[in-house]
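S.K.: Build me a structure from this.
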Amino acid sequence: MKRVMFVCKKNSARSQMAESFAKTLGKGKIEVISSGLEASQVRSEAIATMKEIGIDITDQHSKPLSDFQAQDFDVVISLCGCGVNLPPKWVMQEVFEDWHLDDPAEQPEIFPRVRDEIKERVTQLIESVNKQLP
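M.R.: Below is the predicted model of the structure:
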């Protein structure tokens with residue numbers, strides 16, 4: 001089973017939403033976790049936005065990337081354009097993508113749009129990863 005790491009600046013919104021979608025939509029297909037270049041707190045707006053569509057992320061917490069080892073992951077996805085700030089070993093994994101999603105923390109009104117874009121991209125990622133499986 002492929003292991004996926006979603007990374008963002010503070011692991012407070014976009015990467016948390018991606019983790020929850022991947023756990024929900026990719027259950028039994030991929031293993032997933034998220035982290036940030038630094039840890040903070042999961043934003044209340046992210047929790048509320050996911051709750052609107054029936055996904056509860058209140059048990060998720062922000063984790064620093066430094067708690068993990070790059071070699072433990074097959075797929076690394078940056079959600080914020082922070083790929084340029086990642087240590088080289090993280091961008092050299094089997095699959096690395098930098099999605100450059102807008103930051104809803106700066107514009108809370110865009111949380112639903114960003115959430116929906118994340119869901120679409122995570123769905124495509126799961127389909128792509130499953131095609132690569134033997």
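S.K.: The longest helix seen in the chain packs against which elements?
M.R.: Secondary structure of the chain per DSSP state H: the longest helix is helix 111-132. For helix 111-132, the packing partners by 3 or more Cβ pairs under 8 Å, 6 or more residues apart in numbering; DSSP states H and E come out as strand 2-8, helix 14-25, helix 44-51, strand 75-78. (Glycine included, C-beta is placed from N, CA and C.)
S.K.: of the ones you listed, which approaches residue 123 most closely?
M.R.: helix 14-25 (6.0 Å; Cβ to Cβ).
S.K.: what sits against the spatially closest residue to residue 99 that is not a sequence neighbour?
M.R.: Distances taken as Cβ to Cβ, 6 or more residues apart in numbering place residue 79 nearest to residue 99, at 5.1 Å, with adjacent residues excluded. Shown in contact with residue 79 (Cβ atoms under 8 Å, 6 or more residues apart in numbering): 6-8, 14-15, 18, 99, 101, 118.
S.K.: hang on, the earlier thing: pull the longest helix of the chain out as CSV, backbone CA atoms only.
M.R.: What follows is helix 111-132, C-alpha atoms only, in CSV (Å, rounded to 0.1, in the frame of the first residue of the first chain):
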residue,chain,number,x,y,z
PHE,A,111,-12.6,27.7,2.4
PRO,A,112,-15.4,25.8,0.6
ARG,A,113,-13.8,26.4,-2.8
VAL,A,114,-10.4,25.2,-1.6
ARG,A,115,-12.0,22.2,0.1
ASP,A,116,-13.8,21.2,-3.1
GLU,A,117,-10.6,21.6,-5.1
ILE,A,118,-8.7,19.5,-2.6
LYS,A,119,-11.3,16.7,-2.8
GLU,A,120,-11.1,16.7,-6.6
ARG,A,121,-7.3,16.5,-6.6
VAL,A,122,-7.2,13.8,-3.8
THR,A,123,-9.7,11.7,-5.8
GLN,A,124,-7.4,12.0,-8.9
LEU,A,125,-4.4,11.1,-6.8
ILE,A,126,-6.0,8.0,-5.4
GLU,A,127,-7.0,6.9,-8.9
SER,A,128,-3.5,7.5,-10.1
VAL,A,129,-1.8,5.7,-7.2
ASN,A,130,-4.1,2.7,-7.6
LYS,A,131,-3.2,2.4,-11.3
GLN,A,132,0.5,2.2,-10.3
